[in-house]
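> Prediction below, plus the sequence it came from.
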Amino acid sequence: MPLFNWFSRFAAIVLIFLGLVFTGCSPKATQVPAGLPEVATVTVSPEQVTLTTELPGRTSAYLVAEIRPQVSGLLQERKFQEGATVKKGDILYQIDPAPFQAVYDQAKASLATAEANVKTAEANVAVAEANMPAVRLRAERLEGLVAIHAVGQQDYDDAKAALKQAEASLEASKSAVDVSRAAVETSKAAVESARINLSYTPIKAPITGRIGKSDITVGAMVIAYQPMPLAVIQQLDPIYVDVTQASADLLRLRQELESGSLKGGGTGQRKVKLLLEDGTTYPIQGTLQFRDVTVDPTTSSVTLRIIFANPKQVLLPGMFVRAIIEEGHNEQALLIPQQGVSRDLKGNPVALIVNSENKVEQRPLGLDRAIGDKWLITKGLAPGDRLIVEGIEKVRAGVTVKVAAFAPAAKANPETGAGQSSVPAK
């Protein structure tokens, strides 16, 4: 046993010695320096883009007619189906016409009497004018005879009085004619007024459109020009869309157009697209009608009115929509991938680029808006700059990097529902 232990210890010492010998003879391992970080970049280059702005708004009817009675009376009948389309001139309600018919008939009778009185007065004038020459001639003859005492003074005085009476009768007859003619005109006005009131007993549709619910029932009494309408008709084709835009955006747009950085789109700039509440696109383009001339002091915004054809009446009054309005064309726009933009500690947008010495530089950016998956920038980068879009988390300003070309991923199919935002950057 002692011999065996000694041999074991000797073998262990030999093995340790041989290990040290082989280690000392081997060449020293070379220290490999760490590799440069690798980043992917895209080269910034100008391109032409069409700039649009998306504004919220609501639809409103093209025409709205509140149906009110123009005469007072008892409602006899309702002649439309609630919610149906009515045409201009269709009878909606019928007011009891009997009282108005009686007034109309009475006015016509009064007119006939007045016209008959005119004829009687004219006949009296004719008789008086026919008798006047004889009466005047007798007075003139007696005037000459009384001068030579051929007739008595009494006969001459009677003839002279008869002449004056005839003249007075003639003037009275003429005045009666004038009064009768005035009565005729008054009667004609009464007939026309009665006819108009009678024509108002059927209440007709003033416009073509969809009529809503009836707020009155048959048998109720209606009052002329009452404040509560009987029903409301709305014309829905075409239809208005009223959107609001900040006055600051209008000033910015005007400055860009005047400076030449943005070019107007001509007549096409008046065309507007519409997004519905569920995010779908309305198939028909609209036309920008006008911008309001007054700024709302509570919201600092102005109203824009757009008109859309609505043949299938998909758009109903009061719906919330978003209008996409074309602002103009930027022919030297700088668009960069959104993944190439980060934020500093203060929240300001910054980007990392690779300079000519393959070193990283940080640039503060000015962002205008997102267009698809890219940012439209206003400052911070220039054409030809190499923007880091991958590997940003591995580098910092001043570090030398290895540059690789950026290989963008395949774009999502629009039919899958992936949308592109167009929200202006803060």
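It's in.
> can you pull the contacts of residue 240?
59, 60, 61, 62, 289, 305, 306, 307, 308 (Cβ atoms under 8 Å, 6 or more residues apart in numbering). Just so you know, the C-beta spots here come from the backbone N, C-alpha and C atoms, and that holds for glycine as well.
> So what pairs up with it in the strands?
Residue 240 has these beta-bridge partners by DSSP bridges: residue 60, residue 307.
> Next one, pLDDT for it please.
Predicted confidence (pLDDT) for residue 240: 95.
> distance of it from residue 170?
70 Å (Cβ to Cβ, to the nearest Å).
> try residue 337
In terms of Cβ to Cβ, residue 337 sits 107 Å off from residue 170.
> ok, now residue 394?
From residue 394 to residue 170 the distance is 123 Å (Cβ to Cβ).
> can you give me the strands in the stretch 251-400 of the chain?
271-275, 286-291, 301-308, 320-337, 342-343, 349-354, 360-364, 366-371, 374-379, 386-390 (DSSP state E, counting those that start in this stretch).
> can you list the domain ranges for the chain.
Using automatic domain parsing, the domains assigned to the chain come out as 46-59+236-416, 69-96+201-228, 99-194.
> Need the distance between the two termini of the last one.
In domain 99-194, first residue to last residue: 10 Å (Cα to Cα, to the nearest Å).
> re earlier: same list, the contacts of residue 240, but as TSV with pLDDT please.
Below are the contacts of residue 240 laid out as TSV (pLDDT from 0 to 100):
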residue	pLDDT
59	95
60	94
61	95
62	94
289	84
305	89
306	91
307	93
308	95
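> Go through those and single out the one with the most neighbours.
The most crowded member of these, judged by other Cβ atoms under 10 Å, is residue 306 (26 neighbours).
> was I right about that one contacting residue 322?
No - the pair residue 306 / residue 322 is not scored as a contact, 11.4 Å apart, by Cβ atoms under 8 Å.
> Same question for stretch 41-56: list its buried residues.
Using 16 or more other Cβ atoms under 10 Å as the burial criterion, the residues of stretch 41-56 that qualify are 41, 42, 44, 49, 51, 52, 53, 54, 55.
> ok, now stretch 113-122?
Within stretch 113-122, the residues scored as buried using 16+ other Cβ under 10 Å are 114, 117, 118, 121.
> Just the ones in helices from these, please.
114, 117, 118, 121 (DSSP state H).
> which regions of the stretch 151-300 of the chain lie under the pLDDT threshold?
The model of the stretch 151-300 of the chain has pLDDT under 70 over residues 151-152, 155-159, 253, 255-269.
> let's go with 90 and repeat that
The stretch 151-300 of the chain contains residues with pLDDT under 90 at 151-181, 183-184, 244-272, 279, 287-300.
> And the stretch 1-150 of the chain, by the same measure?
For the stretch 1-150 of the chain (pLDDT under 90), the answer is 1-37, 47-55, 114-115, 117-150.
> Break down it into its strands, ranges please.
38-43, 46-67, 73-78, 85-86, 91-95.
> a markdown table please, covering those strands and showing distance to residue 129.
Below are the strands of the stretch 1-150 of the chain laid out as a markdown table (distance: least, Cβ to Cβ, whole Å):
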| stretch | distance to residue 129 |
| --- | --- |
| strand 38-43 | 111 |
| strand 46-67 | 58 |
| strand 73-78 | 50 |
| strand 85-86 | 61 |
| strand 91-95 | 51 |
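> out of these, which comes closest to residue 187?
Comparison of the strands of the stretch 1-150 of the chain against residue 187 by Cβ to Cβ identifies strand 73-78 as nearest, at 23.7 Å.
> Counting by contacts, list what that closest one packs against.
strand 91-95, strand 221-222 (3 or more Cβ pairs under 8 Å, 6 or more residues apart in numbering; DSSP states H and E).
> same thing but 6 Å
strand 91-95 (3 or more Cβ pairs under 6 Å, 6 or more residues apart in numbering; DSSP states H and E).
> Note down every partner strand of the strand it packs on and its orientation.
Strand 91-95 has these strand partners (DSSP bridges): strand 73-78 (antiparallel), strand 202-204 (antiparallel).
> What is the distance between the longest one and the centre of its chain?
In terms of Cα atoms, centre = their mean, to the nearest Å, the gap separating the centre of strand 73-78 from the centre of its chain is 37 Å.
> ok, now stretch 280-295?
6 Å.
> Ok, stretch 373-383 next?
On Cα atoms, centre = their mean, the centre of stretch 373-383 falls 34 Å from that of its chain.
> residues making contact with it?
44-46, 333-338, 341, 363-369 (Cβ atoms under 6 Å, 6 or more residues apart in numbering).
> Please point out which parts of it sit buried.
Buried, per 16+ other Cβ under 10 Å, within stretch 373-383: 373, 374, 375, 376, 377, 380, 381.
> Now tabulate the residues you listed in CSV and tack on pLDDT and distance to residue 174.
Converted to CSV, those look like this (pLDDT from 0 to 100; distance: Cβ to Cβ, whole Å):
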residue, pLDDT, distance to residue 174
373, 88, 97
374, 89, 95
375, 90, 95
376, 89, 91
377, 89, 95
380, 90, 99
381, 91, 100
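> Helix or strand: which one has residue 175?
Using DSSP states H and E, residue 175 sits in helix 153-199.
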